[in-house]
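Undergrad: here's a sequence, model it:
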Amino acid sequence: MSTFPVDSADLRREIIETARALPRLGLTKGTSGNVSARTDSGFLVTPSGTPYEELRDDSIVALDFQGRYRGDILPSSEWRMHLDFYLARPECGAVVHCHSPRATALSCHRRGIPAFHYMVALAGGDRIACADYASFGTKALSETMVAALGPRNACLLANHGQIAGAPTLRKALSVAEGVEDLADQYLSALSLGDPVLLDDREMAEILTKFKSYGKQAHELAGGPAAFELPTRMD
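TA: Residues are numbered from 1 along each chain as shown. Below is the predicted model of the structure:
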């Protein structure tokens, strides 16, 4: 049985709220970028070329995993990238794509974000790769994205922007925001020269810690945290 939600007004409104957060957080301008959420039968995605403030519940487009859409409104031109993200990452429940300025600047140099800071682990690996260039809205772009993602949940897209996924819309937006923050910090570090990178051993330890990082006690399922917890007072 699917663990993903059904197509509903509440889910559509959450997609709209996430899309409207992108310019507010400085992650995109105008109508660039797009947001989707997986459902029990496919996924919902923002439409093509519609200002975020004009989005309504019925603006959000439903697609299946054969790339077929319902209704009279065209989905985002990047619908295929969302579809292939979900196919590559079955645990992913939401995807955010944006042209955030600093991540885009790095992508224009075809440069990813290495382990200059332990927080690169937020993308699920020891680096955030940059995909090879392909024109937007194409199968070729989806293929380069999937290759750059590997086992991770975010990557840069050459001369384009970034894409991030997570189990929920809230978390996908948080990952996209984190990627942009890391890009900003990395560009600042590069102004002083090449930063010192964390080695494979250190990043392996960090990735273990991230399995419980940011979780409350009830989310740890009785397993040990990967770092010291304080003692609870009764």
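Undergrad: pLDDT on the host helix or strand of residue 156, on average?
TA: Using DSSP states H and E, residue 156 maps to strand 154-157. For strand 154-157, the per-residue pLDDT values average out at 98.
Undergrad: swap in stretch 85-93?
TA: When pLDDT is averaged along stretch 85-93, the result is 97.
Undergrad: C-alpha coordinates for that stretch, PDB please?
TA: What follows is stretch 85-93 as a C-alpha-only set of coordinates in PDB (Å, rounded to 0.1, in the frame of the first residue of the first chain):
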ATOM      1  CA  PHE A  85      13.600  12.400  -9.600                       C
ATOM      2  CA  TYR A  86      10.700  10.400  -8.100                       C
ATOM      3  CA  LEU A  87      11.500   7.300 -10.100                       C
ATOM      4  CA  ALA A  88      15.200   7.500  -9.100                       C
ATOM      5  CA  ARG A  89      14.400   8.200  -5.400                       C
ATOM      6  CA  PRO A  90      11.300   6.100  -4.400                       C
ATOM      7  CA  GLU A  91      11.400   7.400  -0.800                       C
ATOM      8  CA  CYS A  92      11.100  11.000  -2.000                       C
ATOM      9  CA  GLY A  93       7.800  12.700  -1.400                       C
END
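Undergrad: how about that stretch: buried residues?
TA: 85, 86, 88, 89, 92, 93 (16 or more other Cβ atoms under 10 Å). Any C-beta I mention is one placed from the backbone N, CA and C, and that applies to glycine too.
Undergrad: quick check: residue 204 vs residue 9, distance?
TA: Look at residue 204 and residue 9: by Cβ to Cβ, to the nearest Å, they are 44 Å apart.
Undergrad: okay, the two: which has more neighbours?
TA: Ranked by neighbour count (other Cβ atoms under 10 Å), residue 204 and residue 9 place residue 204 first, with 13 against 10.
Undergrad: picking up where we left off before, CSV please, covering the buried residues of stretch 85-93 and showing distance to residue 192.
TA: Below are the buried residues of stretch 85-93 laid out as CSV (distance: Cβ to Cβ, whole Å):
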residue, distance to residue 192
85, 35
86, 40
88, 36
89, 35
92, 36
93, 39
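Undergrad: with respect to residue 157, which of those residues is nearest?
TA: Among the buried residues of stretch 85-93, residue 85 lies closest to residue 157 (Cβ to Cβ), at 11.6 Å.
Undergrad: grab the nearest non-local neighbour of the closest one.
TA: Counting by Cβ to Cβ, 6 or more residues apart in numbering, residue 85 lies nearest to residue 95, which is 5.0 Å off, once chain neighbours are set aside.
Undergrad: circling back: partner strands of the strand holding residue 156, with direction?
TA: Strand 154-157 pairs in its sheet with strand 130-131 (parallel), strand 161-166 (antiparallel), by DSSP bridges.
Undergrad: want to throw those into CSV with distance to residue 172 and mean pLDDT?
TA: Rendered in CSV, the data for these read as follows (distance: least, Cβ to Cβ, whole Å; pLDDT from 0 to 100):
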stretch, distance to residue 172, mean pLDDT
strand 130-131, 18, 98
strand 161-166, 4, 98
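Undergrad: deepest of those strands, which one?
TA: Ranked by mean neighbour count under mean count of other Cβ atoms under 10 Å, the strands paired with strand 154-157 are led by strand 161-166, which reaches a mean of 28.
Undergrad: chain center to it: distance?
TA: Its chain's C-alpha centre and that of strand 161-166 lie 3 Å apart, by Cα atoms, centre = their mean, to the nearest Å.
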